[in-house]
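# I need the structure of the sequence given here:
(2 chains)
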Amino acid sequence: MAKTIATRAENYSQWYTDIIKRAKLAEHSAVRGSMVIRPYGFAVWENMRDQLDRMFKETGHVNAYFPLFIPKSFLSKEADHVEGFAKECAVVTHYRLKNNPDGSGLMVDPEAKLEEELIVRPTSETIIWNTYRDWIKSYRDLPLLINQWANVVRWEMRTRLFLRTAEFLWQEGHTAHATREEAIAEAERMHEVYAQFAEKYMAMPVIRGTKSESERFAGALETYTIEALMQDGKALQAGTSHFLGQNFAKAFEVKFSNEENQEEYVWATSWGVSTRLMGALIMTHSDDDGLIIPPRLAPIQVVIVPIPKPTDELTRAAREIMDQLRSRNISVEYDNDDKSRVGFKFAEHELRGIPVRIGLGMRDLNQNQVEVARRDTKEKFFVPLDTLAETIENLLEEIQDNLYQKALDFRVQHTTYVDTMEEFESVIETRGGFVYAHWDGSKETEEEIKNRTKATIRCIPLDAPEEKGVDLISGKPSNRRVVFAKAY
RNA sequence: CGGGGUGUGGCGCAGUCCGGUUAGCGCACCGCGUUUGGGACGCGGGGGCCGCAGGUUCGAAUCCUGCCACCCCGACCA
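Here you go, the predicted structure:
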């Protein structure tokens, strides 16, 4: 089959969709805006999930599960929170169907109307804080460090595979603390966990920062974010961690007695990442030949292709190699399909983003070597059998590092510092990427820039140095630059 | 919610304007043979209520009416 992936230059969003479909990561379902995550895509997500879960547990968190349905009244208890989510909620109003009188299928039974409508959770702060009220009585009950792996629903106007679907999988951490300082420290800690995960496992460099007020999570006092840059020059918010202050504690009357036996409201955080990370992964590394998965998240790290077809002798040699690799915790697959030809297989495995391919044929085997090909650079070289496992192990690390470095280089090349609105507009229009500019902190400037260029403040970077400057619009003084970009 | 588009074997499409024998093509699939170190080829084969519901007509994938779904572009958002 000929290539059926659009190139990035030709049509970036088509390229993105093609990769997801052709690599069998996911597809559109019969339900508007909802996708089917296919086994291979889910395997990548599972790797992400498992690693994140380890990191959460290492930082003292435990998992629990809260209901999918939230009573409508809960949602309205925190004013900013309703405001943020009300427009995109799926609502359950009835609990029964019956046959149509005319026999043409089913209808909602009007008799079965719910007393109080239920919202399909868009996020779980409300139901969780309603529960925490009963769990938290004393300072001894704190901190409460709980995470939930769940699906949530947000009725989005427009959806895109992985990046924005009506239903998506995610994790949401919800913690409760005795003091403001402790809660802030928690939000910052989890922010850093996300950043580490993105950089070390996804090989995706991120900017750590806080959100401007208008971009903040509904109900949060501070939102910490990690922002990544995609290959089309657009930014993607990859994970957020929120300091919620006492907003939810007050809304749900969650109080505890401190050591002096005084009642206080509890301090809260919440933090989450979603299957959107899959989209980030795809758009950070992949190329016109298909998907590229960093070794640490690849469900299959190495594929062995017998050349030209599997034979007993080649299969035996492959088994030996597999044993060696597996003993080093490397996941390996043997392509024993005897119908397809090697060229086809090579292209297929590249499309699937498998980091390393071993070509196993008699010509090389007779010289005690195999051909090793790396997906990231497409380089091929011969490796003697007796050092193969070690070489592959090192190569996987090298690929992981190279992917990160490549993404970082890309980001550096697509990061611009500007001091005038003219420069700003021209950079956003032509090169895209992250644009560092001075901002006076006002909503007006933010709004004006958004209207004129579609670019928004992605974050106020944590590591921004103090620097005198002036706001691009108002000309008022500013003490540091913030990061702008067009975003997904 | 506004604009555009598309619904025809698993996938991608042609046919629709101008109604007329068994609805075609490529890929995929099944069988046989030849091939085999970068997406093979030949021969044979299976698979379709033409998105749904009405209507017009001797006759509808094609014309008319209504509905539904999905995709793309905008405003909203993780």
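
# check the stretch 1-150 of chain A for the residue nearest RNA strand B and tell me.
A:R32 (2.1 Å; CB to the nearest atom of the strand). Where C-beta positions appear, they are placed from N, C-alpha and C, glycine not excepted.

# so is that residue in a helix, a strand, or just coil?
Three-state assignment for A:R32 (DSSP: H, G, I helix; E, B strand; the rest coil): coil.

# the closest residue to it other than its chain neighbours and A:S270, how far apart?
Closest residue to A:R32 apart from its sequence neighbours, by CB to CB, 6 or more residues apart in numbering: A:A166 at 6.9 Å. Separation of A:A166 from A:S270 (CB to CB, to the nearest Å) stands at 21 Å.

# neighbour-wise, which of those two wins?
A:S270 (25 against 20; other CB atoms under 10 Å).

# tell me which element the more buried one falls in.
A:S270 is part of strand A:267-274, with elements assigned from DSSP states H and E.

# return the distance of that strand from the chain's centre.
14 Å (CA atoms, centre = their mean, to the nearest Å).

# which strands and helices sit next to it?
strand A:167-177, helix A:180-196, strand A:235-245, helix A:247-251 (3 or more CB pairs under 8 Å, 6 or more residues apart in numbering; DSSP states H and E).

# re earlier: now do the same for the residue nearest to A:R32: its pLDDT.
pLDDT recorded at A:A166 is 86.

# residue contacts, it?
By CB atoms under 8 Å, 6 or more residues apart in numbering, the contact list for A:A166 reads A:31-34, A:90, A:153-156, A:159.

# go again using 6 Å as the cut-off
A:A166 is in contact with A:33-34, A:155-156, A:159, counting by CB atoms under 6 Å, 6 or more residues apart in numbering.

# next: A:R164.
Here A:R164 is in contact with A:E156 (CB under 6 Å, 6+ apart).

# give me phi/psi at it?
In terms of degrees, to the nearest 10, the main-chain angles of A:R164 are phi -160, psi 100.

# ok, now how distant is it from A:Q237?
Taken as CB to CB, the span from A:R164 to A:Q237 is 11 Å.

# with A:E446 instead?
16 Å.

# and A:E117, by the same measure?
30 Å.

# then A:I307?
44 Å.

# need the three-state assignment for the residue most central in space within chain A.
By CA atoms, centre = their mean, the mean C-alpha position of chain A lies nearest to A:L277, the distance being 1.8 Å. Recorded secondary structure, A:L277: helix (three-state DSSP).

# what's near enough to touch it?
A:L277 neighbours (CB under 6 Å, 6+ apart): A:M48.

# try A:K309
Counting by CB under 6 Å, 6+ apart, the residues that A:K309 touches are A:D338.

# give me the secondary structure label for it.
Applying three-state DSSP: A:K309 is coil.

# quick check on A:I20: phi, psi?
phi -60, psi -40.

# now for it, how many residues are close by?
When neighbours are defined as other CB under 10 Å, A:I20 has 25 of them.

# confidence score at it?
So, for A:I20, pLDDT stands at 87.

# now A:D102
62.

# name the element the nearest residue to A:R481 once chain neighbours are set aside belongs to?
Spatial nearest neighbour of A:R481, excluding adjacent residues (CB to CB, 6+ apart): A:Y436 at 4.2 Å. Here A:Y436 sits within strand A:434-438, counting by DSSP H and E.

# any idea of the mean pLDDT in that strand?
95.

# what angle separates that strand from strand A:235-245?
50 degrees (axes from the mean of the first three to the mean of the last three CA atoms, to 10 degrees).

# quick one: the strands in the stretch 301-450 of chain A?
Using DSSP state E, counting those that start in this stretch, the strands of the stretch 301-450 of chain A run over A:302-307, A:332-334, A:356-361, A:369-374, A:380-384, A:415-417, A:434-438.

# so which of these is nearest RNA strand B?
Nearest of those (CB to the nearest atom of the strand): strand A:356-361, 2.3 Å.

# got a pLDDT number for A:G105?
pLDDT at A:G105 comes out at 64.

# run through who's touching stretch A:325-332.
Contacts for stretch A:325-332 (CB under 6 Å, 6+ apart): A:300-302, A:322, A:389, A:393.

# report the buried members of the residues you listed.
A:300-302, A:322, A:389, A:393 (16 or more other CB atoms under 10 Å).

# pick out the most distant pair among these.
A:I300 and A:A389 (16.2 Å; CB to CB).

# one step back: who has more neighbours, A:E117 and A:Q237?
Ranked by neighbour count (other CB under 10 Å), A:E117 and A:Q237 place A:Q237 first, with 19 against 16.

# per-residue confidence for the more buried one?
93.

# from RNA strand B, how far off is it?
Distance, A:Q237 to RNA strand B, using CB to the nearest atom of the strand, to the nearest Å: 3 Å.

# try A:E181
In terms of CB to the nearest atom of the strand, A:E181 sits 25 Å off from RNA strand B.

# how about A:C459?
Taking CB to the nearest atom of the strand, one finds A:C459 at 11 Å from RNA strand B.

# go on, A:M322?
Taking CB to the nearest atom of the strand, one finds A:M322 at 17 Å from RNA strand B.

# okay, now the sheet partners of the helix or strand of chain A with the lowest mean pLDDT, with direction.
Within chain A, confidence by mean pLDDT, DSSP states H and E is lowest for strand A:106-108 among all helices and strands, at a mean of 74. As defined by DSSP bridges, the strand partners of strand A:106-108 come to strand A:97-99 (antiparallel).

# picking that back up, what about the residue of the stretch 1-150 of chain A closest to RNA strand B, how many neighbours?
A:R32 is flanked by 9 other residues according to other CB under 10 Å.
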